[in-house]
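In: Sequence plus the predicted model coming up.
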Amino acid sequence: MTAWSVAVVPRPLSVTDLHAGGAVLADGLGLAHAPELAPEARWFRGALEAGAGWAVSAACAGEPDAAVIELRLGDLEELPADLRALMPAATRHEGYRLTSSGGRVVITGRSRAGVFYGLQTLRQLLPDSLLRQAGQSGPIQLPALEIVDAPRFTWRGVHIDVSRHFLPKSFILKLIDLIALHKCNVLHLHLTDDQGWRIPIARYPLLTEVGAWRGPSADGHGEGAVDAFPHGGFFSREDLAEIVAFAATRHVNVLPEIDMPGHMVAAIAAYPELGNTARRLQVRPDWGISAHVLNLDDSTLRFCTEVIDEVTDIFPWRYVHLGGDECPVTEWQSSPRAQQLMRQNGYTDERKLQGWFTARMAEHLAARGRSLVGWSEIIEGGAPADAVVMAWRGEEDGVKAVAAGHDVVMAAQEWLYFDRPYVRDPAEPAGFPGATSVEKVYRYDPVPAAVPAADRDHVLGAQCELWTEFVTTPGHAEYLYFPRLCAFAEAVWTTETTTQPKAFEEFVARLARHLRRLAALGVNYRPLEGPNPGQARVWTQPK
């Protein structure tokens with residue numbers, strides 16, 4: 001038995017066949033856990049009881065006769081040295097060991113997160129039917145095995161744009177569950193853009209009363225078509241608190257993004273004094289880059305810091321994403337305030353003003369105990385030293401950011417933008433130009449070859465992105481994520497070894513098995529052979 005032969009996605013670091021014994025899970029089984037692991041035990045008990053219809057009883061840790069499954073915290077130091085060496089120091093705390101032997105399943109993690117990932121692996125060892133809400137199952141025989149595992153990277157992120165087209169809370173919660181199943185640990189919520197503002201700010205109620213709504217909008221991208229109905233929506237503070245709490249029980253951190261100083265038309269439409277002209281704008285009904293950006297008045301900076309204050313009240317994670325991408329400087333070239341700042345600071349290029357703005361926001365975040373994340377462009381104006389750069393335009397942005405001393409999350413559009421079709425084919429739903437196949441995602445290495453070995457720890461990991469210009473429904477979003485997100489999870493979790501090198505053909509064999517799990521979970525995934533008749537852009541009679 002090897003990690004290849006156990007159809008777990010992402011592939012574990014090591015699987016050992018223990019040859020005999022295993023464990024039988026059945027109605028009435030006992031679940032023991034250390035007191036600190038009560039949240040993980042509660043989550044797993046709920047999932048198992050819903051899927052199997054069993055009663056899972058609490059058992060006391062250390063009483064092997066009473067427990068069939070036991071959850072422990074431990075340092076895993078007794079593992080062989082060669083196996084420990086394969087666990088990166090930065091992620092070793094997320095490692096776990098799962099042993100099925102002698103009639104019991106024991107999961108030992110170096111942290112609560114490690115135990116949770118062990119439980120996710122155990123779920124994948126069980127029949128697909130237990131992922132449904134059917135509530136019926138007889139006894140289940142688990143093979144005798146030991147799995148040792150830990151992630152390659154600390155940042156395993158999934159991005160969703162809810163600004164271009166708003167997607168409901170129910171879908172976000174489902175996405176979090178699917179992220180967690182694949183052992184990803186960051187959900188990046190792109191909450192604001194030119195096309196819509198999706199988070200309520202008590203000091204500025206017009207942001208959602210006006211900025212969350214727009215009229216008929218571009219249908220597709222660059223094709224000239226316009227649809228015939230309004231768009232909009234926003235989350236309540238209670239919705240967002242629920243999303244954060246739901247994610248926390250699954251060891252997913254929620255990264256909020258408030259894009260500034262560009263991509264702010266929705267805010268300027270609500271509060272025209274934030275802009276650089278006296279003209280009242282409408283929430284942008286089409287895509288692309290708007291020349292309208294925030295002005296640099298003191299009152300506008302105060303608006304931004306007050307928005308940040310409310311965002312950090314809702315989202316507890318240490319990071320806040322402030323965008324910083326695609327900010328034209330045309331309006332600043334004719335702005336008296338911007339030109340005054342140019343003279344005061346000795347700038348000769350308006351792009352330096354974005355660096356000045358970003359530094360003010362980073363200072364405010366730091367005062368609240370938070371760190372700034374921004375897209376590639378923030379390094380062009382001189383990003384604060386502790387800013388995390390999300391490199392989206394290409395690997396060269398990540399290389400430059402690392403060379404400047406920044407931590408980096410790779411989000412390279414060529415490999416990780418899932419709004420592109422899987423292949424260039426008229427049957428694929430409309431998307432951005434280009435194509436990103438499952439194989440292309442699987443073969444992506446988040447560490448650019450040009451990053452020196454001594455600096456590679458600056459690459460925190462990677463993130464896949466889904467922009468929603470073309471995406472109007474949760475089902476379409478699921479189609480674009482899956483199965484590419486399965487390949488992405490393998491790229492950021494699985495450490496390649498000399499005995500178990502990465503092999504796409506082997507991955508596809510496991511993925512074919514894994515798609516049955518996604519079907520049980522009601523995911524509108526794209527079949528490996530192409531879209532089914534209901535998913536395709538053009539009608540083809542089923543054979």
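Out: In hand now; what should we look at? Numbers count the residues shown, from 1 in each chain.
In: Surely Arg370 and Leu322 touch.
Out: No - because the distance of 10.2 Å does not satisfy CB atoms under 8 Å, Arg370 is recorded as not touching Leu322. Bear in mind the C-beta positions are built from the backbone N, C-alpha and C, glycine included.
In: More neighbours: which of those two?
Out: In this view Arg370 and Leu322 are compared by other CB atoms under 10 Å, and Leu322 has more residues nearby, 24 against 19.
In: can you list the domains in the protein?
Out: The chain breaks down into these domains under automatic domain parsing: 14-149, 155-520.
In: Next, report how far the longest one is displaced from the centre of its chain.
Out: To tie it back to what came earlier, the one meant is domain 155-520. Here domain 155-520 shows a centroid-to-chain-centroid distance of 10 Å under the convention CA atoms, centre = their mean, to the nearest Å.
In: Where do the strands of the stretch 301-450 of the chain begin and end?
Out: 319-321, 371-375, 388-391, 408-410 (DSSP state E, counting those that start in this stretch).
In: Any idea which of these gets closest to Ala248?
Out: Of all these, it is strand 319-321 that lies closest to Ala248, at 14.7 Å by CB to CB.
In: Grab the CA positions of stretch 451-470 and hand them over as CSV.
Out: Coordinates of each C-alpha in stretch 451-470 appear next as CSV, following Å, rounded to 0.1, in the frame of the first residue of the first chain:
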residue,chain,number,x,y,z
VAL,A,451,14.0,32.5,-6.3
PRO,A,452,17.3,31.6,-4.6
ALA,A,453,17.3,28.6,-2.3
ALA,A,454,18.1,30.8,0.7
ASP,A,455,15.0,33.0,0.0
ARG,A,456,12.4,30.3,-0.7
ASP,A,457,10.9,30.5,2.8
HIS,A,458,9.5,33.9,1.7
VAL,A,459,7.1,32.0,-0.6
LEU,A,460,4.3,31.4,1.9
GLY,A,461,2.3,29.4,-0.6
ALA,A,462,-0.2,30.0,-3.4
GLN,A,463,-3.8,30.9,-4.1
CYS,A,464,-6.2,30.1,-6.9
GLU,A,465,-8.5,32.9,-8.0
LEU,A,466,-12.1,33.1,-9.4
TRP,A,467,-13.2,36.4,-10.8
THR,A,468,-16.8,36.5,-11.6
GLU,A,469,-17.4,38.8,-14.6
PHE,A,470,-18.7,35.7,-16.4
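In: what about it, average pLDDT?
Out: Across stretch 451-470, the average pLDDT comes to 97.
In: same deal with stretch 347-367?
Out: When the per-residue pLDDT values of stretch 347-367 are averaged, the result is 96.
In: Give me the buried positions along that stretch.
Out: 347, 350, 352-359, 361-362, 364-365 (16 or more other CB atoms under 10 Å).
In: Ser299: which of those residues is nearest?
Out: Using CB to CB, the shortest approach to Ser299 within those belongs to Phe357, at 13.9 Å.
In: wait, doesn't that closest one sit right on Asp297?
Out: No - here Phe357 does not reach Asp297: they are 11.4 Å apart, not a contact under CB under 8 Å.
In: sorry, back to before: which one, of the strands of the stretch 301-450 of the chain, ends up nearest to Gly196?
Out: Closest approach to Gly196 among those is made by strand 319-321 (16.7 Å; CB to CB).
In: okay, the buried residues of stretch 347-367 in JSON lines with distance to Leu480 next?
Out: Shown next, in JSON lines, are those (distance: CB to CB, whole Å):
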{"residue": "Tyr347", "distance to Leu480": "41"}
{"residue": "Glu350", "distance to Leu480": "36"}
{"residue": "Lys352", "distance to Leu480": "37"}
{"residue": "Leu353", "distance to Leu480": "36"}
{"residue": "Gln354", "distance to Leu480": "31"}
{"residue": "Gly355", "distance to Leu480": "34"}
{"residue": "Trp356", "distance to Leu480": "37"}
{"residue": "Phe357", "distance to Leu480": "33"}
{"residue": "Thr358", "distance to Leu480": "31"}
{"residue": "Ala359", "distance to Leu480": "36"}
{"residue": "Met361", "distance to Leu480": "31"}
{"residue": "Ala362", "distance to Leu480": "33"}
{"residue": "His364", "distance to Leu480": "35"}
{"residue": "Leu365", "distance to Leu480": "31"}
